[in-house]
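# the sequence and its predicted three-dimensional model are supplied below.
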Amino acid sequence: MRKLIEFDDDTFDKLKQLGRDRMATLQELADEAFTDLLKKHGIPIDLKDALRKSARLQDAAKPSPAASQGARKRARKS
């Protein structure tokens, strides 16, 4: 998908120079910037990243064995 983004002259000149220094295109710089922005806000950038995040959430939701043993001991005392 193509979208038009407008930069002021100074910013565009700096981006062009950064691209030359890193031997990267403006598109590559933009991809890197948007990927970093999505990561900063915890938004998965691809399917692999989304699956990892989902697995971490499921692992965090599972009670630990020690916690479930404590619950059983409390239940026996009642």
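Here it is on my side, so go on.
# quick one: the helices in the protein, in order.
9-22, 26-40, 47-61, 65-77 (DSSP state H).
# export these to CSV and tack on mean pLDDT and mean neighbour count?
Yep, even glycine has a C-beta here, placed from its N, CA and C like the rest. What follows is the helices of the chain, written out as CSV (pLDDT from 0 to 100; neighbours: other Cβ atoms under 10 Å):
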stretch, mean pLDDT, mean neighbour count
helix 9-22, 97, 11
helix 26-40, 95, 12
helix 47-61, 83, 10
helix 65-77, 63, 9
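# so which of those is nearest residue 2?
Taking Cβ to Cβ, helix 26-40 is the member of the helices of the chain nearest to residue 2, at 10.7 Å.
# who does that closest one touch, helix- and strand-wise?
helix 9-22 (3 or more Cβ pairs under 8 Å, 6 or more residues apart in numbering; DSSP states H and E).
# the helix it packs on - contacts with which helices or strands?
helix 26-40.
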